[in-house]
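Asks: the sequence and its predicted three-dimensional model are supplied below.
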Amino acid sequence: MKTIAVLSRKGGSGKTTLAVNLALMAFLADRQVMLADIDPQRSASDALRARTAPGPSIFDGGAGKLFHVQSNAMRGGYDYLIIDTPSACEGDVAQAVNLTDLCLVVGRPSFLDLAPIVRTAEAVRRLGKGGFLVLNQIHTSKPDASPAASPDILEVLRLCGLPLAPHGLRSHDAFQKAMALGRCVAEWEKAGSAGRDLEQLWAFVEANLDGQRPAPRQQAPMPAALAG
Ligand SMILES: Nc1ncnc2c1ncn2[C@@H]1O[C@H](COP(=O)(O)OP(=O)(O)OP(=O)(O)O)[C@@H](O)[C@H]1O
Ligand SMILES: [Mg+2]
């Protein structure tokens, strides 16, 4: 079994959206999936409980129970445990990270998200874990092309020591509509661009489940806006 944690110190960056969509992608590919929601807001578990079709198993509770949940899921033959984390409660998030095979640090490609992304990636590295940055809510007017962040944003992200996943998620109202029914965007819009982004991202994640060990951080100076 592989354990994936989705995290970011920035509220509203897309942790729940990513965790639920990835859990559903895995489930729809016939994997046995448990989603652990350790955020007291319980958004991920609420979304999955709105689902009328079969879906991933749900745990909602405190981070202190995660070890037990993980052990039980392993014994139960699960393929994936996907953990949705809160933006605050560093201790809880650290407990989740300690159990993971792969951390996904999610953020929007905007100036105000950069510092939280970098700090979250640093926390992952400090705990000796590997993973990827995943960009979410990328604004693009090109429905047929993969969404991409601007070169200056990419330059900052290159310095933070976790590699950027080659596929991100565009900003698309399908994510909000599908979530309200506990569905992933690939179910919502079979041939849509949002679903295609998700399929490409999940294929990448599944092919890179051992993560990448923390790389020595590049010595280039951090832009002033991110220092401290
Ligand atoms: N790619 C996207 N396109 C459009 N809307 C999105 C996308 N990703 C997330 N959203 C919307 O942005 C809002 C915040 O997303 P989400 O709840 O997943 O973030 P979060 O990081 O889990 O927030 P919190 O820190 O409160 O747990 C939600 O309304 C969600 O539907
Ligand atoms: Mg959330």
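Replies: Cool, got the structure. Residues are numbered from 1 along each chain as shown. Ligands and ions are numbered 1, 2, ... in the order given.
Asks: C-alpha only now, for contacts and for neighbours.
Replies: Will do.
Asks: can you give me the pLDDT of residue 226?
Replies: Note on residue 226: pLDDT of 40.
Asks: sorry, that was for residue 191
Replies: pLDDT at residue 191 comes out at 87.
Asks: what's the burial count for it?
Replies: 11 (other CA atoms under 10 Å).
Asks: do the same with residue 152
Replies: Residue 152, neighbours per other CA under 10 Å, totals 11.
Asks: how close does it get to ligand 1?
Replies: Using CA to the nearest ligand atom, to the nearest Å, residue 152 is found at 21 Å from ligand 1.
Asks: over to that residue. Which of the three states is it?
Replies: Under the three-state scheme (DSSP: H, G, I helix; E, B strand; the rest coil), the conformation of residue 152 reads as helix.
Asks: cool, residue 35 as well?
Replies: Of the three states, residue 35 takes strand under three-state DSSP.
Asks: what residues are up against it?
Replies: 19-20, 23, 45, 56-59, 81-84 (CA atoms under 8 Å, 6 or more residues apart in numbering).
Asks: who does it form a beta bridge with?
Replies: Here residue 35 sits in beta bridges with residue 58, residue 82, going by DSSP bridges.
Asks: show me which residues of the chain sit near ligand 1.
Replies: Proximity of the chain to ligand 1, by CA under 6 Å from any ligand atom, involves residues 11-17, 86-87, 136-137, 169-173, 175-176.
Asks: try 5 Å
Replies: Residues of the chain found near ligand 1 (CA under 5 Å from any ligand atom) are 11-17, 87, 137, 171-173, 176.
Asks: just the buried subset of those residues, please.
Replies: Taking 16 or more other CA atoms under 10 Å as the criterion, what is buried in the residues of the chain next to ligand 1 is 13-17, 87, 137, 171-172.
Asks: helices - which of those residues land there?
Replies: 15-17 (DSSP state H).
Asks: follow-up on the earlier one: how about the buried ones among the residues of the chain next to ligand 1, which pair is most distant?
Replies: The distance between the two most remote of these (CA to CA) is 22.3 Å, for 87 and 172.
Asks: what's the helix or strand for residue 114?
Replies: Secondary structure assignment for residue 114, by DSSP states H and E: helix 111-126.
Asks: relative to the whole chain's centre, how far out is the host helix or strand of residue 25?
Replies: Here residue 25 is covered by helix 15-28, with elements defined by DSSP H and E. Centroid separation for helix 15-28 versus its chain: 9 Å, with CA atoms, centre = their mean, to the nearest Å.
Asks: which one of the residues of the chain next to ligand 1 is nearest residue 76?
Replies: For the residues of the chain next to ligand 1, the nearest to residue 76 is residue 16 (24.4 Å; CA to CA).
Asks: helices of the chain, start to end?
Replies: 15-28, 43-49, 66-75, 90-98, 111-126, 151-158, 173-180, 185-188, 193-207.
Asks: list the buried residues in stretch 57-64.
Replies: 57-60, 63.
Asks: tell me the one of these nearest residue 124?
Replies: Using CA to CA, the buried residues of stretch 57-64 come closest to residue 124 at residue 63, 16.5 Å.
Asks: list the contacts for the closest one?
Replies: Applying CA under 8 Å, 6+ apart, we find residue 63 in contact with 38, 92-93, 95-96.
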